[in-house]
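**Q** 3D model of this:
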Amino acid sequence: MNRHLVSNRPFVHRLLSKSAKTDQVLIITSYDYFLQKNDLNLLRNEYKEIILVPHTTDDDYLLNVTVSPLLDKYEKIHLVTNPQFDSQYHVIYELVVRRNKSIRITTVYDFCEKDLKKVYIPEDIEQTNPNLTSLLEFGRRVRYPKKIIDLAISSVLLAISLPVWLISFVIVKLQSPGPAFFYQERVGIFNKSFSCIKFRSMRLDAESNGASFSKKKDSRVFAYGGFMRLTRIDELPQIFNIFRRDISLIGPRPERPVFCESFDEVIPYYNQRHLVKPGITGYAQVMYSYGAGTSDARHKLMYDLYYIKNWSLQLELKIILLTIVVIFGRKGR
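**A** Residues are numbered from 1 along each chain as shown. Below you'll find the model as predicted:
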C-alpha cells in the first residue's frame, strides 16, 4: 500500500476532503500503488471522499462495510476499476444500482490518463494497458518545433551560463582533483548509446564497487558537487549533447544501459520510452520526487509515456517552466 495513505479499517483506506468541488465519492478497486501524494491532493479537490479498496474475496465486508454506508451519504459514485484482474466492481455496481444511485465507471487506464495526467503501468510484466498499443515515435509535427526549442533555448542558455561554467570548472578542480567533466554511456533514442557529458559531482572512486544509483544524500558527492546537483548546474554540459543531436531539451531522462536492461525485464512498456530522444529535463523529473530503483522507475515511466503519447507545445512549455521552479526551489536530485 502507498505510504501516504492512512488506514482505519482492515481492508479500506478512506480519505476525506472538505474542499471538494462536487458532492461525489471516488471508489478505486484497483491496486492503489499508482497513487502518489500529489495525486491524492489533486483528487481531494474534486471528491468529497476517496475510498481505496484492496483486493478481497470478502464480498459481504465489501458491501456492508465499504459501500453501503457511502450510499447513505452520497448520490453520486465514481468507480475506478482494472478490468484485467478485478471483479469487485460487479458487486459494487449491482448494489449501487439497487439503491438507485448514480454511478460512473472508469477503467484505471482512462482514469490515470485523464484525471492524473499520467499513463497506468501494470505491476506485472505479463499485464497490458490497451491505451498503449499504438504508441509511436514523434513525427515531423513534433520533431520540428522541438528542434527549434532545443536550439533556441540551448544557445541562449550556453551564452548566459558561461561564467557559471568557468566558476564550476575551477571549483571542481580545487575540491576534487581530476577531470572537471564526466563522460558516461547512456541509452538514447531507439536504444542507441551515446556519451553523456556532465560536470563531475562525485569522487573519482565513486563506482569502484560497480554501477549504482545515486542517492539524495550521497556520500560519494563532494561539497560543490552537491550544490551542482541541487541546482542542476552539473547538467549544463549536456547542451553539447543537444547540439550533437544525442538528446533533446525535454524528454525521458537518459538511463545507463545496465539499468535499462534490468528495468526492461520487470517493468511493462519500459523500452517504449526510447521511442523518442531523452532530455536534460522531462515530465517525470518535474512531476515525481527524487527516487531510485525499480519502483521509482515504474512511476517515472508513467509520466514519460504520458509525455510521448500526449505531446503538445503547451506541455513542452509547462515542463520548461516547472524545471525553472525546481531549479530555483532547489529540489534537484
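
**Q** how about the strands of the stretch 1-150 of the chain, start to end?
**A** 13-16, 24-28, 49-52, 76-81, 102-107 (DSSP state E, counting those that start in this stretch).

**Q** CA atoms only: put the fourth one into CSV for me.
**A** Read it as strand 76-81. The C-alpha trace of strand 76-81 is given here as CSV (Å, rounded to 0.1, in the frame of the first residue of the first chain):
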residue,chain,number,x,y,z
LYS,A,76,-23.0,10.0,-7.0
ILE,A,77,-20.4,7.3,-7.1
HIS,A,78,-17.3,7.3,-9.4
LEU,A,79,-16.0,3.8,-9.6
VAL,A,80,-12.5,3.1,-10.9
THR,A,81,-11.6,-0.4,-11.7
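
**Q** Can you spell out which helices and strands pack onto that strand?
**A** Packing partners of strand 76-81 (3 or more CB pairs under 8 Å, 6 or more residues apart in numbering; DSSP states H and E): strand 24-28, helix 88-98, strand 102-107, helix 108-115. C-beta here means a position set from N, CA and C on the backbone, and glycine is covered the same way.

**Q** Export those to a markdown table and append columns for mean pLDDT.
**A** Listed next are the helices and strands packed on strand 76-81 as a markdown table, based on pLDDT from 0 to 100:
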| stretch | mean pLDDT |
| --- | --- |
| strand 24-28 | 85 |
| helix 88-98 | 81 |
| strand 102-107 | 91 |
| helix 108-115 | 95 |
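
**Q** Need the winner for burial among these.
**A** Mean neighbour count (mean count of other CB atoms under 10 Å) peaks for strand 24-28 among the helices and strands packed on strand 76-81, with a mean of 22.

**Q** Let me see the residues that make contact with it.
**A** 35, 43, 46-53, 66-67, 70, 73-74, 76-81, 92, 108, 111 (CB atoms under 8 Å, 6 or more residues apart in numbering).

**Q** repeat that for 6 Å
**A** 47-52, 70, 74, 76-80 (CB atoms under 6 Å, 6 or more residues apart in numbering).

**Q** Just flag the most distant two among those residues.
**A** Farthest-apart pair in those is L52 and K76; separation 18.0 Å (CB to CB).

**Q** Looking at the two, which is more packed in?
**A** L52 (23 against 16; other CB atoms under 10 Å).

**Q** Look up the pLDDT of that one for me, please.
**A** For L52, the pLDDT comes out at 84.

**Q** Same check on V80?
**A** The model's pLDDT for V80 equals 91.

**Q** and if you look at F199?
**A** On the pLDDT scale, F199 gets 96.
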